[in-house]
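Peer 1: I'd like to go over a predicted model; first the sequence, then the structure.
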Amino acid sequence: MDMSTVRMNNPVLQGFGFYASVLIVKMMAMSIITAVQRFRTKAFISPEDAAAFKGEVKLEDPDVERVRRAHLNDLENIPIFLVTGFLFILSDPDVVVALMFFRLYTLARLVHTFVYAVYVVRQPARAIAFGVGQLITLIMIIMIIVKFHQL
Amino acid sequence: MDMSTVRMNNPVLQGFGFYASVLIVKMMAMSIITAVQRFRTKAFISPEDAAAFKGEVKLEDPDVERVRRAHLNDLENIPIFLVTGFLFILSDPDVVVALMFFRLYTLARLVHTFVYAVYVVRQPARAIAFGVGQLITLIMIIMIIVKFHQL
Amino acid sequence: MDMSTVRMNNPVLQGFGFYASVLIVKMMAMSIITAVQRFRTKAFISPEDAAAFKGEVKLEDPDVERVRRAHLNDLENIPIFLVTGFLFILSDPDVVVALMFFRLYTLARLVHTFVYAVYVVRQPARAIAFGVGQLITLIMIIMIIVKFHQL
C-alpha cells in the first residue's frame, strides 16, 4: 500500500466524503425536526424554552419522542460508521465494493429515518433498514481486521 | 494537493488537534458534573449506586436532567464536528479560515454548555450558541463537498 | 515525523484498527442486547413494534433501561476515544505505550459493560472501570497537545 488512501484524489475517500456529508446533514436535520415538533406541539424540554416561546415543559409528547428516538438511533450508529469508514479507507479496499457499501449504508439510514420519524411504516420495515446498516458496518470491520493483519 | 494535510507540522491539523482536545475535555467534564449533581442531590440512576452511596433511585431531578440534556446535545453535535473536521483537513483548506472555524465552533459549544447547564441564561442565548455551531459545521460540509468534487 | 503514521504497516495504526474494531462491535452488541431484553420482557418503545411483536409500549422496564444506560455511557465515551485515538496516532507515539493504552481502554470498557449490564457487581466496580477509561483518554489528550505544540 502507498499513501494514496488519504489523498483527495482517491475515489474511495471522495465517495466517503460525499456520503459521510449526506449522513451528517441528515443527523443535523433531526435536531431541526425535533425543534419544529416542539414548536408545533408547544412541548418544550427546558423551563427557559417554555417561558420564551409560550409553551409548557412536557417530556412525553409522542411525536417529539418519536423523532428523538430516531435521532438517538442515529447517534448509536452513524458516528461508529464514520470512524469505521476512515479505518476502511486506510485498509485500501476495492473502489467498487467500498462505494457500494457507502451508498447502501446511506440509503439504509435514510430509509430508517423515513419509516421511523417521517411516515411511520409498520414493522419489520425499520428492523430491516437498521439491520442492513449494522450488517454493512460489521462486514467493513471484518474486512479491516483481515487486511490489517495479513501484513 | 500533497500529503501535507496529515503531517503534524500542518498548522490546520495542529489547530484541529488543540480545539478537538478542548471539546473532548469539555464533553468528558459533563460526566463529572453529572456525577457531582447526583452526589449533591443523592438522586442516583442505578440501584447499586443508591445502595453504595446512601441515596435513592430518582430519575427526574431537574438539576441532574439539565446537565444530562446539555451532555446529550454535545453527543448530537461534537462527534459530528470532529469527523467533519478530519474530512475538512483532508480537503486542504485555507489555514486562517480553518482556524477561525475551529475557534468559533469551540467558543459556541462552550457558551452553549455555560448557558444551558452552568448559569442558565434566558433564550435565545442557547439557541444562538447552538445555531452558530450548526452553521459552522454546515459550511465546512459544503466546502468539503465542493473541494472533493472539483478534482 | 514522516508519513508512516497513517500507513497500514504502522503497528500503532494496526493495533488501533483492531481494538477500535473490538469496541465498535461491543457497542453494536448493545443494540442487540437491548432488542433481546425488549422481546424477553415484551416492553417495546414504539407502538408499531408492540403491534408487530405482540407486546406493549413500556418505557420503564428496569432490565431494558439498565442495558440502555450502559449503551448511553458507551456513546458518551467510545466515539471520543476513537477520535482521540486517530489524533494520537498522528502524534507518532511510542508503540509499546500506545498499544498498552488501547488494550487497557478496551479492557476497561468491556469490564464496564459487564458489571453494568450483564452481571451487576456492586459499586465501585463500575466507577473504577469508567475512571480507568476516562484517565487513559485524558492522558492521550495531554500527550497529543504536548506533541503537536513542541514543533
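Peer 2: On my side now, so go ahead.
Peer 1: give me the number of residues near residue A:60?
Peer 2: Using other C-beta atoms under 10 Å in any protein chain shown, residue A:60 has 8 neighbouring residues. For glycine as for every other residue, the C-beta is placed from the backbone atoms N, C-alpha and C.
Peer 1: got it, and residue A:11?
Peer 2: Neighbour number of residue A:11 under other C-beta under 10 Å is 12.
Peer 1: got it, and residue A:84?
Peer 2: 25.
Peer 1: try residue A:58
Peer 2: Using other C-beta under 10 Å as the criterion, residue A:58 is surrounded by 14 other residues.
Peer 1: what does the one 3 residues further on give?
Peer 2: The tally of other residues near residue A:61 (other C-beta under 10 Å) stands at 18.
Peer 1: which residues touch it?
Peer 2: If a contact means C-beta atoms under 8 Å, 6 or more residues apart in numbering or on different chains, then residue A:61 has A:37, A:38, A:41, A:43 as its contacts.
Peer 1: is any part of the helix or strand where the first one lies close to chain B?
Peer 2: Spelled out, it's residue A:37. Residue A:37 belongs to helix A:11-41 when assigned by DSSP states H and E. Yes. Using C-beta under 8 Å from any C-beta of the partner chain, helix A:11-41 reaches chain B at A:13, A:14, A:17, A:18, A:20, A:21, A:24, A:25, A:27, A:28, A:30, A:31.
Peer 1: tell me the mean pLDDT for the helix or strand where residue A:71 lies?
Peer 2: Following DSSP H and E, one finds residue A:71 within helix A:62-90. Helix A:62-90 comes out with an average pLDDT of 93.
Peer 1: now do that helix: which elements does it pack against?
Peer 2: Packing partners of helix A:62-90 (3 or more C-beta pairs under 8 Å, 6 or more residues apart in numbering or on different chains; DSSP states H and E): helix A:11-41, helix A:95-113, helix A:125-149, helix B:62-90, helix C:11-41, helix C:62-90.
Peer 1: how far does that helix sit from its chain's centre?
Peer 2: Here the centre of helix A:62-90 is set off from its chain's centre by 4 Å, with C-alpha atoms, centre = their mean, to the nearest Å.
Peer 1: circling back to that earlier point, the helix holding residue A:37 - contacts with which helices or strands?
Peer 2: The contact analysis (3+ C-beta pairs under 8 Å, 6+ apart) places helix A:11-41 against helix A:62-90, helix A:95-113, helix B:62-90, helix B:125-149.
Peer 1: try 6 Å this time
Peer 2: With contacts defined as 3 or more C-beta pairs under 6 Å, 6 or more residues apart in numbering or on different chains; DSSP states H and E, helix A:11-41 has these neighbours: helix A:62-90, helix A:95-113, helix B:125-149.
Peer 1: check which element follows that helix along the chain.
Peer 2: Remark: after helix A:11-41, the chain's next helix or strand is strand A:43-44, criterion DSSP H and E.
Peer 1: so, low pLDDT: which residues of chain A?
Peer 2: Residue ranges of chain A with pLDDT under 70: A:1-4, A:150-151.
Peer 1: give me the number of residues near residue A:139?
Peer 2: Neighbours of residue A:139 (other C-beta under 10 Å): 13.
Peer 1: excluding its backbone neighbours, what's nearest it?
Peer 2: If the residues on either side of it in the chain are set aside, residue A:139 comes closest to residue A:101, at 7.3 Å by C-beta to C-beta, 6 or more residues apart in numbering or on different chains.
Peer 1: please apply the same query to residue A:130.
Peer 2: Leaving aside its chain neighbours, residue A:130 sits nearest to residue A:112 (5.8 Å; criterion: C-beta to C-beta, 6+ apart).
Peer 1: residue in chain A nearest to chain B?
Peer 2: Closest residue of chain A to chain B, C-beta to the nearest C-beta: residue A:52 (3.7 Å).
Peer 1: quickly find the element holding the nearest residue to that residue once chain neighbours are set aside.
Peer 2: Nearest in space to residue A:52, with sequence neighbours left out and distances taken as C-beta to C-beta, 6+ apart, is residue B:123 at 3.7 Å. If you go by DSSP H and E, residue B:123 is not part of any helix or strand.
Peer 1: which ones are touching residue B:123?
Peer 2: A:48, A:49, A:52 (C-beta atoms under 6 Å, 6 or more residues apart in numbering or on different chains).
Peer 1: next one: it from chain C, what distance?
Peer 2: Distance, residue B:123 to chain C, by C-beta to the nearest C-beta, to the nearest Å: 26 Å.
Peer 1: again with residue A:108
Peer 2: Counting by C-beta to the nearest C-beta, the gap from residue A:108 to chain C is 14 Å.
Peer 1: I'd say that residue and residue A:130 touch.
Peer 2: No. Applying C-beta atoms under 6 Å, one finds residue A:108 not in contact with residue A:130, separated by 7.7 Å.
Peer 1: what is the burial count for residue A:71?
Peer 2: With neighbours defined by other C-beta under 10 Å, the count for residue A:71 comes to 21.
Peer 1: doesn't residue A:31 make contact with residue A:71?
Peer 2: No. Using C-beta under 6 Å, residue A:71 is not in contact with residue A:31; the gap is 7.4 Å.
Peer 1: and stretch A:110-119, how far apart are its ends?
Peer 2: 12 Å (C-alpha to C-alpha, to the nearest Å).
Peer 1: likewise stretch A:41-55?
Peer 2: 8 Å.
Peer 1: now stretch A:80-100
Peer 2: 18 Å.
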